[in-house]
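Q: Need the 3D shape of this:
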Amino acid sequence: MSTPAETAGAAGAASDVPPHRYTAAVADALETKWQAYWAEHGTFATPNPRGPLADGFDRVEGRPAAYVLDMFPYPSGAGLHVGHPLGYIGTDVYARYLRMRGDNVLHTMGFDAFGLPAEQYAVQTGQHPRTTTYANIDTFLRQLRRLGLGHDERRRVATTDLEFYRWTQWIFLQIFNAWYDTDANKARRIDELIAELDAGTREPNPGTNPFDAPWSQLDATQRRVVVDNHRLAYRAESLVNWAPGLGTVLANEEVTADGRSERGNFPVFRKPLAQWMMRITAYADRLIDDLDHIDWPDKVRTMQRNWIGRSTGAHVRFASDAGDIEVFTTRPDTLFGATYMVLAPEHPLVDALTAPAWPDGTKDVWTGGRASPAEAVAAYRAQAASKADVDRQAEGKDKTGVFTGSFATNPVNGASIPVFIADYVLMGYGTGAIMAVPAQDERDWDFAQVFELPIIRTVQPPADWDESKAFTGDGPAINSDFLDGMGVTEAKAAIIAWMEDRGDGRGATTYRLRDWLFSRQRYWGEPFPIVFDDTGLPIALPESMLPVELPETDDFSPKSFPPEDSESTPEPPLGRLTDWVTVTLDLGDGPKQYRRETNTMPNWAGSCWYELRYLDPTNSERLVDAEVEQYWMGPSADRPLGGVGLYVGGVEHAVLHLLYARFWHKVLFDLGYLSSSEPFHKLVNQGYLQLPAYTDSRGAYVEAAQVEERDGTFFFHGEQVNQEFGKIGKSLKNVVTPDEFIADWGADTFRVFEMFSGPLEQSRPWDAKAIVGPFRLLQRLWRVVLSEETGQVHVSDDAVPDELNRLLHKTIHAVREGYETLRFNTSIARITELNNAVTAAYPNGGAPREVAEALVLMTAPLAPHVAEELWSRLGHTESLAWAPMPEADPALLVDDTVEIPVQVNGKLRAKLLMPADADTTQMEALARADERVVAALDGKPTRRVVTVPGRLINFVV
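A: Next up is the predicted model:
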């Protein structure tokens, strides 16, 4: 790839390069100059309506408020690669445009700096995670500044800043001290629950009181247990994803489809442990329903709906010798076709259902090749424990399972049906048990085929249905006794009413969503503001004791175990700091000894709310001032639930960060701290830049920069490797940094290049050679304003010729539309078209000032440094960052004349220029006057004339 110097050298072989040409060196000088100017003058310091950042609000008070936000990055040691700025530049272009359009724009960026990578690096190097984290942040800041991003740097935060995670801990306390009132359909403070329980106006929620006594007869400790069982943040023993190789547990979303840790690729095992949980399930309906009121990509909304997995149906009880087995089914109308049952291997009834010996009639395929049910069940459970939930439910996976040796009774017909365990059933969904209706479910059909189980159709398939397949559609009920002939809806209602009358079942709604596992057994995270007393129950620290500061240590590593040691248990590093763990505090009843929580919060905690802290980052009294939050994020006509105006980030966060942040935001809204009930109104997922990546014979990625090509074959250190294309990133070892491109071409060229490569949300290959085009565009813009020989401004005060003026206003209209819709590539194309027309019309300078200034202003969001320089040279004394974007004259958007195709019997005979506002009579008269049309008509009678004003004429003869 040629650099500007090489390009200029080739062009200047016959003559010297003009002394005042726009070059990479010129770009570097003026870019650093304007970046310093912006910093010195606080150009992008966005005022709040009140508070410490209110200075200058009187200047913008009448402007609309616009909040533009990027998903903030994790500051890795590698710094930015060329894929990262795609979204960052995109939001900067949009924010700059909005400011020039007349908005008061908030745009900043911080860092999501807690988490496992920094801790792992600290373990390897012995450096404190804080040291490496803040060094990485410095690298990112240098790169971000060099890109010319218009951030309000006063608002910058990092989740590791003590003042930031003080408020993360404060939010945790609000969640801990809240419960979900299903009657009010919102979170309320826990003190209100206790008051109602004490007054006898409320009974504990079902399942929260494990004691055989009413509230009034419970002792103080028992009451604490009941209250804790209501909290939105609570401790519970549950099945977790334990990664011995990492020494920590993981959320479901952090486990890959093949049952390994997303970070480090270690095996993950399911085991019961006591952990902190967040009761996100209480918000399942609101999290689904409110998706209809925010402007998100359909793909992401579908992903969240599927992840939450709301299903309506019925709970049904199947009697067995081990007790009732309860299932949830969305198709209770198919109960007569239930020919076997399947339980998750972890189901609590499995042990009781496991028979001492195989009963008569047990088929060999049911036994797993084991001599007894106990052996078969134990072996199968061990096998299932090593698989992730996603892998267990993968489509097309061979069905496996074993018979427990027990039977259950189908309540609708009294049939005795065998009970299996199989890994395709999960404890985390429904009840962890299913009634299997193989004729109406593809997975059950596959299982029934493998295990030679009966198949009974209960829904009539179409006449042409392939009888070798399950039918999952709707149709009349068959083989279903009193349901026969009913449609699905009618049959569901009838069977639910029948079961409820007999006490065998009830109508219900269930969710795939599980409560959020919120504990991590590592050092580099937010400490919990929780202590435990001698009862072992948690106590929230008062707000006056925040922040609970992460203690200093040189021993950062959680105790890891051999990756396959599934019997190991977590040992957090904070647990080794005995002087910190055991603490004497006065919590209102005198000094007492307590034990601190030794787990830390997951790295998602800080990213759940950072968009709120950007609004009011210096506020030491509250999370965010209410008026400030209302101003930037409050509901409006176009944002009924409020939220950030534009949020840009990767689709990979659809069911992690985005779901968690919505949950926290809704809790804070319920408790009265926020006016908005959604954090992000409009979401755009930026595309990825793609580059070749190379794998060796082992399938491992090698450094792309060290691969050589020889006659279409690729080699890494002499070994042949395979080429593939993928997202730029460290894992594929194909990282390219922006630094080298900025050094060779300038930040403005790099910005225009990335924005011209395609729409913001579209992935595209990285073609470094194409950067020459944007560079030449900026050179031509430079020449429109300045003489390359003298460096002087050479625009004129002449009026703009009519044809050029019409092109100018059409360009303004198209460029603004491109900015509004985030189609920056179309804006660049139209700017290029106008720029070329001006350059062709005025090759030696003298372009009208009106055109030159409009070109500079339209280019400013994309290439702000060169635009600022040219604006300054044109005689303006203030930054154009706040200058108004040109507006198109509607009268000039309509052509005076348009080219109209004229057809005879559908065949093109001529193209004629006609007035744009000509009516059908005028158009026909002008067409009949043209000699080519006259010749084509050849005197034949005209049957009719089809005329579309402004579009075409067709004579039918």
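Q: Can you pull out the low-pLDDT segments for the stretch 1-150 of the chain?
A: 1-15 (pLDDT under 70).
Q: what are the ranges of the helices in it?
A: 4-11, 24-41, 57-60, 85-101, 116-125, 129-146 (DSSP state H, counting those that start in this stretch).
Q: Please convert those helices to JSON lines, extending it with distance to Asp504 and mean neighbour count.
A: Quick note: C-beta positions are derived from backbone N, CA and C, even for glycine. Output for the helices of the stretch 1-150 of the chain, formatted as JSON lines (distance: least, C-beta to C-beta, whole Å; neighbours: other C-beta atoms under 10 Å):
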{"stretch": "helix 4-11", "distance to Asp504": "79", "mean neighbour count": "14"}
{"stretch": "helix 24-41", "distance to Asp504": "71", "mean neighbour count": "17"}
{"stretch": "helix 57-60", "distance to Asp504": "66", "mean neighbour count": "14"}
{"stretch": "helix 85-101", "distance to Asp504": "54", "mean neighbour count": "25"}
{"stretch": "helix 116-125", "distance to Asp504": "48", "mean neighbour count": "19"}
{"stretch": "helix 129-146", "distance to Asp504": "56", "mean neighbour count": "18"}
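Q: out of those helices, nearest to Asp446?
A: helix 116-125 (37.8 Å; C-beta to C-beta).
Q: which secondary structure elements does that closest one contact?
A: Packing contacts for helix 116-125, counted by 3 or more C-beta pairs under 8 Å, 6 or more residues apart in numbering; DSSP states H and E, involve helix 129-146.
Q: Give the other helices and strands that the helix it packs on contacts.
A: Judged by 3+ C-beta pairs under 8 Å, 6+ apart, the packing partners of helix 129-146 are helix 24-41, helix 116-125, helix 738-745.
Q: which element follows it toward the C-terminus?
A: helix 162-176 (DSSP states H and E).
Q: re earlier: would you mind giving the helices of the stretch 1-150 of the chain as CSV with distance to Thr160 added?
A: Formatted as CSV, the helices of the stretch 1-150 of the chain follow (distance: least, C-beta to C-beta, whole Å):
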stretch, distance to Thr160
helix 4-11, 40
helix 24-41, 24
helix 57-60, 31
helix 85-101, 21
helix 116-125, 9
helix 129-146, 6
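Q: who wins for proximity to Val450 among those helices?
A: Comparing these by C-beta to C-beta, helix 116-125 comes nearest, at 39.7 Å.
Q: Show which residues not belonging to the closest one make contact with it.
A: Helix 116-125 has contacts (C-beta atoms under 8 Å, 6 or more residues apart in numbering) with 74, 76-77, 127-129, 132-133, 136, 246, 248, 263-264, 522-524, 556-557, 603.
Q: Quick one: closest of the helices of the stretch 1-150 of the chain to Arg370.
A: helix 116-125 (39.5 Å).
Q: Export the closest one to CSV, keeping only CA atoms.
A: Only the C-alpha atoms of helix 116-125 are listed here, as CSV (Å, rounded to 0.1, in the frame of the first residue of the first chain):
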residue,chain,number,x,y,z
LEU,A,116,-11.0,-11.4,34.7
PRO,A,117,-8.4,-10.4,31.9
ALA,A,118,-6.7,-7.8,34.1
GLU,A,119,-6.6,-10.2,37.0
GLN,A,120,-5.2,-13.0,34.9
TYR,A,121,-2.5,-10.7,33.6
ALA,A,122,-1.7,-9.6,37.2
VAL,A,123,-1.3,-13.3,38.2
GLN,A,124,1.1,-13.9,35.3
THR,A,125,3.2,-10.8,35.8
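Q: Can you check what angle separates it from helix 129-146?
A: Inter-element angle recorded for helix 116-125 and helix 129-146: 120 degrees (by axes from the mean of the first three to the mean of the last three C-alpha atoms, to 10 degrees).
Q: Save the helices and strands packed on helix 129-146 as JSON lines, and put in distance to Arg780 too.
A: Shown next, in JSON lines, are the helices and strands packed on helix 129-146 (distance: least, C-beta to C-beta, whole Å):
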{"stretch": "helix 24-41", "distance to Arg780": "14"}
{"stretch": "helix 116-125", "distance to Arg780": "44"}
{"stretch": "helix 738-745", "distance to Arg780": "15"}
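Q: rewinding a little: please name whichever of the helices of the stretch 1-150 of the chain is nearest to Ala282.
A: Comparing those by C-beta to C-beta, helix 116-125 comes nearest, at 28.3 Å.
Q: residues of stretch 498-509 that come out buried?
A: Buried positions in stretch 498-509, judged by neighbour count with 16 or more other C-beta atoms under 10 Å: Trp498, Met499, Asp504, Gly505, Gly507, Ala508.
Q: So which residues make contact with that stretch?
A: With contact meaning C-beta under 8 Å, 6+ apart, stretch 498-509 is reached by 310-317, 328, 332, 411-412, 482, 496.
Q: Which parts of the stretch 301-450 of the chain are helices?
A: 350-353, 373-385, 389-392, 442-451.
Q: could the ones you listed go into a markdown table alongside distance to Gln35 and mean neighbour count?
A: As requested, the helices of the stretch 301-450 of the chain are exported to a markdown table (distance: least, C-beta to C-beta, whole Å; neighbours: other C-beta under 10 Å):
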| stretch | distance to Gln35 | mean neighbour count |
| --- | --- | --- |
| helix 350-353 | 65 | 18 |
| helix 373-385 | 55 | 18 |
| helix 389-392 | 45 | 18 |
| helix 442-451 | 58 | 19 |
